[in-house]
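Colleague: Sharing a model prediction with you, sequence too.
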Amino acid sequence: MILGIIEHDGVQLDPYGLQMLTFARDLSARLNTSLEAVLIGKSAESSGEQIKNFGISKVHLIQHERLEHYAPEAWAESVIQLLADKKADLAVAAGTERGNELMAHIAAKLDLPLASNCSEISHGDGLEITRLRWGGSLLEETSLRDNVKLLTLALNIVEAQESSANPVDFEAFTPTLEDKDFRVQLSGREENTAEGVTLKTASLVVGGGRGVGSAEGFKVLEELAECLGGVVGGSRVATNNGWRPHTQQVGLTGNRISPKLYIACGISGAIQHLVGCKAAKNILVINVDREAPFFSKADYGVLGDLHEVVPALISEIKKVQ
Ligand SMILES: Cc1cc2nc3c(=O)[nH]c(=O)nc-3n(C[C@H](O)[C@H](O)[C@H](O)COP(=O)(O)OP(=O)(O)OC[C@H]3O[C@@H](n4cnc5c(N)ncnc54)[C@H](O)[C@@H]3O)c2cc1C
(Lines give C-alpha, C1' and ligand atoms only; values in the text may rest on other atoms or scores of the structure.)
Protein backbone atom coordinates (compact mmCIF):
# COMPACT_ATOMS: atom_id res chain seq x y z
CA MET A 1 0.00 0.00 0.00
CA ILE A 2 1.11 3.55 -0.74
CA LEU A 3 0.56 6.34 1.79
CA GLY A 4 0.48 9.85 0.27
CA ILE A 5 1.13 12.54 2.88
CA ILE A 6 -0.50 15.84 2.01
CA GLU A 7 0.09 19.28 3.47
CA HIS A 8 -2.87 21.59 4.04
CA ASP A 9 -3.72 24.90 5.65
CA GLY A 10 -6.83 23.63 7.41
CA VAL A 11 -9.03 24.84 4.54
CA GLN A 12 -7.30 23.88 1.33
CA LEU A 13 -4.98 21.06 0.40
CA ASP A 14 -1.57 22.19 -0.78
CA PRO A 15 -1.53 22.31 -4.62
CA TYR A 16 1.76 20.38 -4.65
CA GLY A 17 0.09 17.70 -2.52
CA LEU A 18 -2.57 17.36 -5.23
CA GLN A 19 0.18 16.96 -7.85
CA MET A 20 1.70 14.26 -5.65
CA LEU A 21 -1.69 12.47 -5.33
CA THR A 22 -2.07 12.49 -9.12
CA PHE A 23 1.42 10.99 -9.50
CA ALA A 24 0.88 8.48 -6.67
CA ARG A 25 -2.46 7.40 -8.17
CA ASP A 26 -0.70 6.50 -11.41
CA LEU A 27 2.12 4.79 -9.50
CA SER A 28 -0.30 2.73 -7.42
CA ALA A 29 -2.03 1.53 -10.61
CA ARG A 30 1.33 0.56 -12.13
CA LEU A 31 2.43 -1.22 -8.94
CA ASN A 32 -0.99 -2.82 -8.60
CA THR A 33 -1.40 -1.60 -5.05
CA SER A 34 -3.75 0.75 -3.21
CA LEU A 35 -3.23 4.44 -2.43
CA GLU A 36 -4.43 6.02 0.80
CA ALA A 37 -3.94 9.62 1.90
CA VAL A 38 -2.58 11.00 5.17
CA LEU A 39 -3.51 14.36 6.68
CA ILE A 40 -2.00 15.63 9.91
CA GLY A 41 -3.68 17.91 12.45
CA LYS A 42 -7.11 18.46 13.97
CA SER A 43 -8.25 20.87 11.26
CA ALA A 44 -7.36 18.37 8.53
CA GLU A 45 -10.81 16.90 8.03
CA SER A 46 -12.34 19.99 6.41
CA SER A 47 -9.52 20.33 3.90
CA GLY A 48 -9.73 16.59 3.27
CA GLU A 49 -13.09 17.02 1.52
CA GLN A 50 -11.20 17.97 -1.65
CA ILE A 51 -9.60 14.54 -1.73
CA LYS A 52 -12.73 12.76 -2.90
CA ASN A 53 -12.15 14.24 -6.37
CA PHE A 54 -8.76 12.59 -6.59
CA GLY A 55 -9.96 9.00 -6.55
CA ILE A 56 -8.89 8.35 -2.97
CA SER A 57 -11.18 6.16 -0.92
CA LYS A 58 -9.44 6.27 2.45
CA VAL A 59 -7.88 9.16 4.35
CA HIS A 60 -5.96 8.68 7.59
CA LEU A 61 -6.37 11.69 9.85
CA ILE A 62 -3.43 11.79 12.24
CA GLN A 63 -4.78 13.62 15.27
CA HIS A 64 -3.20 14.50 18.56
CA GLU A 65 -3.78 17.50 20.82
CA ARG A 66 -0.21 18.70 20.25
CA LEU A 67 -0.10 18.16 16.50
CA GLU A 68 -1.98 21.19 15.29
CA HIS A 69 1.20 23.06 14.41
CA TYR A 70 4.12 21.75 12.43
CA ALA A 71 6.66 19.84 14.52
CA PRO A 72 8.92 17.84 12.19
CA GLU A 73 10.01 15.11 14.61
CA ALA A 74 6.51 14.60 16.01
CA TRP A 75 5.02 14.51 12.50
CA ALA A 76 7.69 12.00 11.46
CA GLU A 77 7.07 9.82 14.52
CA SER A 78 3.32 9.89 13.81
CA VAL A 79 3.76 8.81 10.20
CA ILE A 80 6.19 6.07 11.27
CA GLN A 81 3.57 4.67 13.65
CA LEU A 82 0.92 4.82 10.92
CA LEU A 83 3.25 3.14 8.41
CA ALA A 84 3.80 0.29 10.83
CA ASP A 85 0.12 0.03 11.74
CA LYS A 86 -1.03 -0.11 8.11
CA LYS A 87 1.97 -2.14 6.94
CA ALA A 88 2.43 0.33 4.10
CA ASP A 89 5.39 -0.32 1.85
CA LEU A 90 5.74 3.10 0.27
CA ALA A 91 5.28 6.64 1.60
CA VAL A 92 5.39 9.70 -0.61
CA ALA A 93 5.06 13.45 0.00
CA ALA A 94 5.43 16.48 -2.26
CA GLY A 95 9.01 17.75 -2.47
CA THR A 96 8.27 21.00 -0.66
CA GLU A 97 10.60 22.30 2.06
CA ARG A 98 8.33 20.71 4.62
CA GLY A 99 7.71 17.48 2.67
CA ASN A 100 11.43 16.91 2.24
CA GLU A 101 12.14 17.73 5.88
CA LEU A 102 9.43 15.41 7.15
CA MET A 103 10.52 12.51 4.95
CA ALA A 104 14.18 13.05 5.88
CA HIS A 105 13.25 12.69 9.57
CA ILE A 106 11.29 9.51 8.82
CA ALA A 107 14.21 8.10 6.81
CA ALA A 108 16.71 8.92 9.57
CA LYS A 109 14.56 7.42 12.32
CA LEU A 110 13.89 4.21 10.33
CA ASP A 111 17.41 4.08 8.90
CA LEU A 112 15.98 3.88 5.39
CA PRO A 113 17.13 5.64 2.22
CA LEU A 114 14.96 8.47 0.90
CA ALA A 115 14.71 9.39 -2.78
CA SER A 116 13.77 13.06 -2.76
CA ASN A 117 12.57 15.24 -5.65
CA CYS A 118 11.72 12.30 -7.92
CA SER A 119 10.55 13.04 -11.45
CA GLU A 120 10.07 9.56 -12.93
CA ILE A 121 9.60 6.13 -11.44
CA SER A 122 9.57 2.75 -13.11
CA HIS A 123 9.30 -0.68 -11.62
CA GLY A 124 12.08 -3.26 -11.84
CA ASP A 125 13.58 -5.37 -9.03
CA GLY A 126 12.89 -2.38 -6.85
CA LEU A 127 11.97 1.12 -7.96
CA GLU A 128 14.07 2.73 -10.69
CA ILE A 129 13.95 6.45 -10.11
CA THR A 130 15.03 9.64 -11.84
CA ARG A 131 15.42 12.51 -9.41
CA LEU A 132 16.21 16.19 -9.76
CA ARG A 133 19.34 17.44 -8.04
CA TRP A 134 21.02 20.82 -7.85
CA GLY A 135 17.77 22.63 -8.45
CA GLY A 136 17.01 20.50 -11.48
CA SER A 137 20.29 21.13 -13.32
CA LEU A 138 21.32 17.50 -12.77
CA LEU A 139 19.23 14.34 -13.25
CA GLU A 140 20.25 11.40 -11.12
CA GLU A 141 19.21 7.80 -11.75
CA THR A 142 18.85 5.74 -8.63
CA SER A 143 17.28 2.50 -7.38
CA LEU A 144 15.36 1.85 -4.18
CA ARG A 145 15.27 -1.76 -3.06
CA ASP A 146 14.28 -1.57 0.61
CA ASN A 147 11.02 -3.09 1.78
CA VAL A 148 9.66 0.30 2.81
CA LYS A 149 10.32 2.97 0.21
CA LEU A 150 10.33 6.69 0.96
CA LEU A 151 9.94 9.28 -1.78
CA THR A 152 9.19 12.91 -2.40
CA LEU A 153 7.95 14.13 -5.75
CA ALA A 154 9.65 17.09 -7.42
CA LEU A 155 7.37 20.11 -7.73
CA ASN A 156 5.49 20.85 -10.96
CA ILE A 157 6.47 17.57 -12.60
CA VAL A 158 2.83 16.60 -13.13
CA GLU A 159 -0.36 18.62 -13.27
CA ALA A 160 -2.88 17.90 -10.55
CA GLN A 161 -5.73 16.02 -12.23
CA GLU A 162 -8.99 15.07 -10.63
CA SER A 163 -10.46 11.66 -11.33
CA SER A 164 -13.82 10.12 -10.52
CA ALA A 165 -15.31 11.37 -7.25
CA ASN A 166 -15.25 8.68 -4.59
CA PRO A 167 -16.97 8.48 -1.24
CA VAL A 168 -14.13 8.96 1.25
CA ASP A 169 -13.70 6.99 4.43
CA PHE A 170 -11.94 9.14 7.05
CA GLU A 171 -10.13 7.09 9.68
CA ALA A 172 -8.64 8.76 12.74
CA PHE A 173 -5.22 7.67 13.95
CA THR A 174 -3.81 8.82 17.29
CA PRO A 175 -0.07 8.43 17.63
CA THR A 176 1.78 8.08 20.93
CA LEU A 177 4.08 11.06 21.27
CA GLU A 178 6.53 12.25 23.91
CA ASP A 179 7.96 15.62 24.86
CA LYS A 180 11.19 14.85 23.02
CA ASP A 181 9.22 14.71 19.75
CA PHE A 182 8.45 18.39 20.17
CA ARG A 183 11.99 19.75 20.45
CA VAL A 184 11.31 21.68 17.25
CA GLN A 185 7.87 23.07 16.62
CA LEU A 186 6.21 25.98 14.93
CA SER A 187 5.61 28.72 17.45
CA GLY A 188 3.72 31.24 15.33
CA ARG A 189 2.52 32.03 11.86
CA GLU A 190 2.35 35.26 9.93
CA GLU A 191 -0.41 34.94 7.40
CA ASN A 192 0.06 36.46 3.99
CA THR A 193 -2.88 38.84 3.89
CA ALA A 194 -2.84 39.19 0.09
CA GLU A 195 -6.19 38.16 -1.31
CA GLY A 196 -7.08 36.53 -4.61
CA VAL A 197 -4.53 35.19 -7.06
CA THR A 198 -1.20 34.17 -5.56
CA LEU A 199 2.19 33.53 -7.16
CA LYS A 200 1.64 29.79 -6.77
CA THR A 201 -1.65 29.80 -8.62
CA ALA A 202 -1.37 32.79 -11.00
CA SER A 203 -1.66 32.09 -14.71
CA LEU A 204 0.43 35.18 -15.49
CA VAL A 205 3.43 36.45 -13.55
CA VAL A 206 5.48 39.57 -14.25
CA GLY A 207 8.90 39.18 -12.64
CA GLY A 208 11.43 41.92 -12.01
CA GLY A 209 15.12 41.78 -11.15
CA ARG A 210 18.08 44.07 -10.65
CA GLY A 211 17.35 45.70 -14.00
CA VAL A 212 14.17 47.24 -12.54
CA GLY A 213 16.47 49.44 -10.47
CA SER A 214 14.26 50.36 -7.48
CA ALA A 215 11.03 49.67 -5.60
CA GLU A 216 9.53 52.59 -7.52
CA GLY A 217 10.55 50.92 -10.78
CA PHE A 218 8.19 48.01 -10.02
CA LYS A 219 5.13 50.26 -10.43
CA VAL A 220 5.14 49.75 -14.16
CA LEU A 221 5.45 45.97 -13.70
CA GLU A 222 2.46 46.09 -11.34
CA GLU A 223 0.51 47.97 -13.99
CA LEU A 224 1.40 45.36 -16.63
CA ALA A 225 0.41 42.54 -14.25
CA GLU A 226 -2.85 44.28 -13.42
CA CYS A 227 -3.93 44.80 -16.99
CA LEU A 228 -3.25 41.14 -17.78
CA GLY A 229 -4.86 39.82 -14.58
CA GLY A 230 -1.55 38.57 -13.18
CA VAL A 231 0.72 39.10 -10.18
CA VAL A 232 4.24 40.44 -9.63
CA GLY A 233 7.25 38.41 -8.51
CA GLY A 234 10.90 39.23 -8.09
CA SER A 235 14.40 37.80 -8.25
CA ARG A 236 16.43 37.46 -5.06
CA VAL A 237 18.17 40.72 -5.85
CA ALA A 238 14.79 42.46 -5.93
CA THR A 239 13.73 40.97 -2.58
CA ASN A 240 17.14 41.37 -0.90
CA ASN A 241 17.16 45.02 -1.91
CA GLY A 242 13.77 45.44 -0.28
CA TRP A 243 12.11 46.37 -3.58
CA ARG A 244 9.65 43.48 -3.13
CA PRO A 245 8.65 41.43 -0.08
CA HIS A 246 10.41 38.08 0.34
CA THR A 247 7.07 36.31 -0.11
CA GLN A 248 7.25 37.38 -3.77
CA GLN A 249 10.64 35.85 -4.53
CA VAL A 250 10.73 33.36 -7.38
CA GLY A 251 13.40 30.69 -7.36
CA LEU A 252 15.20 28.00 -5.44
CA THR A 253 14.74 29.78 -2.12
CA GLY A 254 11.44 31.37 -3.10
CA ASN A 255 8.26 30.38 -4.89
CA ARG A 256 7.98 27.75 -7.60
CA ILE A 257 5.59 29.19 -10.16
CA SER A 258 3.80 27.53 -13.08
CA PRO A 259 1.93 30.28 -14.95
CA LYS A 260 0.84 30.14 -18.58
CA LEU A 261 3.13 33.12 -19.19
CA TYR A 262 6.07 34.46 -17.19
CA ILE A 263 7.30 37.90 -18.27
CA ALA A 264 10.80 38.28 -16.83
CA CYS A 265 12.06 41.87 -16.83
CA GLY A 266 15.67 42.76 -16.05
CA ILE A 267 16.46 39.27 -14.69
CA SER A 268 19.65 37.57 -15.91
CA GLY A 269 18.40 33.96 -15.59
CA ALA A 270 20.67 32.53 -12.87
CA ILE A 271 20.06 28.81 -12.29
CA GLN A 272 18.60 29.52 -8.84
CA HIS A 273 15.98 31.76 -10.45
CA LEU A 274 15.24 29.36 -13.31
CA VAL A 275 14.43 26.57 -10.82
CA GLY A 276 11.48 28.65 -9.68
CA CYS A 277 9.99 29.35 -13.11
CA LYS A 278 10.90 26.34 -15.21
CA ALA A 279 7.32 25.05 -15.02
CA ALA A 280 6.04 28.19 -16.78
CA LYS A 281 4.36 27.21 -20.07
CA ASN A 282 5.79 30.26 -21.87
CA ILE A 283 8.54 32.68 -20.93
CA LEU A 284 9.00 36.18 -22.34
CA VAL A 285 12.33 37.75 -21.42
CA ILE A 286 12.97 41.49 -21.60
CA ASN A 287 16.65 42.30 -21.14
CA VAL A 288 19.21 44.82 -22.45
CA ASP A 289 21.95 42.19 -22.65
CA ARG A 290 21.71 39.80 -25.61
CA GLU A 291 24.08 37.45 -23.74
CA ALA A 292 21.75 37.16 -20.72
CA PRO A 293 21.36 33.39 -20.02
CA PHE A 294 17.59 33.79 -19.63
CA PHE A 295 17.23 34.27 -23.42
CA SER A 296 18.29 30.65 -23.97
CA LYS A 297 15.31 29.48 -21.87
CA ALA A 298 12.84 31.97 -23.36
CA ASP A 299 10.01 31.28 -25.79
CA TYR A 300 9.95 34.99 -26.67
CA GLY A 301 12.59 37.63 -26.13
CA VAL A 302 12.75 41.40 -26.37
CA LEU A 303 16.23 42.95 -26.45
CA GLY A 304 15.67 46.33 -24.90
CA ASP A 305 15.34 48.53 -21.84
CA LEU A 306 12.41 47.36 -19.72
CA HIS A 307 11.65 50.96 -18.77
CA GLU A 308 10.78 51.56 -22.44
CA VAL A 309 9.48 48.12 -23.43
CA VAL A 310 7.04 47.56 -20.53
CA PRO A 311 5.21 50.95 -20.87
CA ALA A 312 4.99 50.37 -24.64
CA LEU A 313 3.52 46.91 -23.98
CA ILE A 314 0.95 48.34 -21.56
CA SER A 315 -0.08 51.01 -24.02
CA GLU A 316 -0.59 48.42 -26.80
CA ILE A 317 -2.54 46.10 -24.49
CA LYS A 318 -4.81 48.96 -23.40
CA LYS A 319 -5.63 49.73 -27.03
CA VAL A 320 -7.21 46.28 -27.45
CA GLN A 321 -8.89 46.05 -24.04
C1 LIG B 1 21.82 29.32 -2.44
C2 LIG B 1 21.30 30.39 -3.36
C3 LIG B 1 19.93 30.51 -3.50
C4 LIG B 1 19.42 31.49 -4.36
N5 LIG B 1 18.05 31.58 -4.51
C6 LIG B 1 17.56 32.44 -5.41
C7 LIG B 1 16.16 32.52 -5.67
O8 LIG B 1 15.34 31.84 -5.04
N9 LIG B 1 15.73 33.40 -6.59
C10 LIG B 1 16.59 34.20 -7.31
O11 LIG B 1 16.11 34.97 -8.15
N12 LIG B 1 17.91 34.15 -7.08
C13 LIG B 1 18.42 33.32 -6.15
N14 LIG B 1 19.73 33.31 -5.93
C15 LIG B 1 20.58 34.37 -6.53
C16 LIG B 1 20.94 34.11 -7.98
O17 LIG B 1 22.15 33.36 -8.04
C18 LIG B 1 21.18 35.44 -8.73
O19 LIG B 1 22.16 36.18 -8.05
C20 LIG B 1 19.93 36.31 -8.87
O21 LIG B 1 18.87 35.55 -9.39
C22 LIG B 1 20.22 37.46 -9.80
O23 LIG B 1 19.12 38.31 -9.81
P24 LIG B 1 18.88 39.25 -11.07
O25 LIG B 1 18.73 38.43 -12.29
O26 LIG B 1 17.77 40.16 -10.69
O27 LIG B 1 20.20 40.14 -11.11
P28 LIG B 1 21.40 40.09 -12.11
O29 LIG B 1 21.97 38.75 -12.26
O30 LIG B 1 22.32 41.20 -11.71
O31 LIG B 1 20.74 40.46 -13.51
C32 LIG B 1 20.16 41.67 -13.85
C33 LIG B 1 19.78 41.62 -15.31
O34 LIG B 1 19.06 42.79 -15.62
C35 LIG B 1 19.46 43.20 -16.92
N36 LIG B 1 19.14 44.63 -17.01
C37 LIG B 1 19.76 45.67 -16.39
N38 LIG B 1 19.14 46.83 -16.66
C39 LIG B 1 18.10 46.52 -17.49
C40 LIG B 1 17.07 47.28 -18.11
N41 LIG B 1 16.98 48.60 -17.93
N42 LIG B 1 16.17 46.62 -18.89
C43 LIG B 1 16.25 45.30 -19.09
N44 LIG B 1 17.21 44.51 -18.52
C45 LIG B 1 18.10 45.12 -17.73
C46 LIG B 1 20.94 42.88 -17.00
O47 LIG B 1 21.36 42.78 -18.33
C48 LIG B 1 20.97 41.55 -16.25
O49 LIG B 1 20.80 40.46 -17.15
C50 LIG B 1 20.29 32.35 -5.06
C51 LIG B 1 21.66 32.20 -4.92
C52 LIG B 1 22.17 31.24 -4.07
C53 LIG B 1 23.64 31.09 -3.94
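Modeller: Thanks, I have the structure now. Numbering: from 1, shown residues only.

Colleague: Show me what secondary structure element comes after the lengthiest strand in the chain.
Modeller: Longest strand in the chain, counting residues (DSSP state E): strand 114-123. Counting by DSSP states H and E, the element after strand 114-123 in chain order, helix or strand, is strand 127-133.

Colleague: which residues are in contact with that next one?
Modeller: Residues from elsewhere that reach strand 127-133 (CB atoms under 8 Å, 6 or more residues apart in numbering): 115-122, 138-145, 149, 151, 154. Quick note: C-beta positions are derived from backbone N, CA and C, even for glycine.

Colleague: between the longest strand of the chain and strand 127-133, how big is the angle?
Modeller: Interaxial angle of strand 114-123 relative to strand 127-133 (axes from the mean of the first three to the mean of the last three CA atoms, to 10 degrees): 130 degrees.

Colleague: Per-residue pLDDT of the residue nearest to Ser78 when sequence neighbours are not counted, please?
Modeller: Excluding the flanking residues, the one nearest Ser78 by CB to CB, 6 or more residues apart in numbering is Pro175, at 3.9 Å. Per-residue confidence (pLDDT) for Pro175: 98.

Colleague: Just say helix, strand or coil for Pro175.
Modeller: coil (DSSP: H, G, I helix; E, B strand; the rest coil).

Colleague: Might one say that it is in contact with Glu77?
Modeller: Yes - Pro175 is in contact with Glu77 according to CB atoms under 8 Å; the separation is 6.4 Å.

Colleague: Kindly report the residues of the stretch 101-250 of the chain close to the ligand.
Modeller: 209-211, 235-238, 249-250 (CB under 6 Å from any ligand atom).

Colleague: Farthest-apart pair in the residues you listed, please.
Modeller: Gly211 and Gln249 (15.9 Å; CB to CB).

Colleague: What is the burial count for whichever residue of the stretch 51-200 of the chain sits closest to the ligand?
Modeller: The nearest approach of the stretch 51-200 of the chain to the ligand comes at Gly135, 8.3 Å away (CB to the nearest ligand atom). Gly135 has 17 neighbours, counted by other CB atoms under 10 Å.

Colleague: Before we move on, what's the pLDDT of it?
Modeller: Looking at Gly135, its pLDDT reads 75.

Colleague: quick one, what contacts it?
Modeller: Counting by CB under 8 Å, 6+ apart, Gly135 touches 252, 271-272, 274-275.

Colleague: out of those residues, who has the most neighbours?
Modeller: Neighbour-wise, the contacts of Gly135 (other CB under 10 Å) top out at Leu274, 23 neighbours.

Colleague: rewinding a little: overlap in contacts of Pro175 and Glu77?
Modeller: Common contacts of Pro175 and Glu77 (CB under 8 Å, 6+ apart): none found.

Colleague: what residues does the helix or strand hosting Leu61 touch?
Modeller: Assigned by DSSP H and E, Leu61 belongs to strand 58-62. Applying CB under 8 Å, 6+ apart, the contact partners of strand 58-62 are 3, 36-41, 44-45, 48, 51, 75, 78-79, 82, 86, 168-175.

Colleague: Now with 7 Å, please.
Modeller: Residues from elsewhere that reach strand 58-62 (CB atoms under 7 Å, 6 or more residues apart in numbering): 36-40, 44-45, 48, 51, 78, 82, 168-173, 175.
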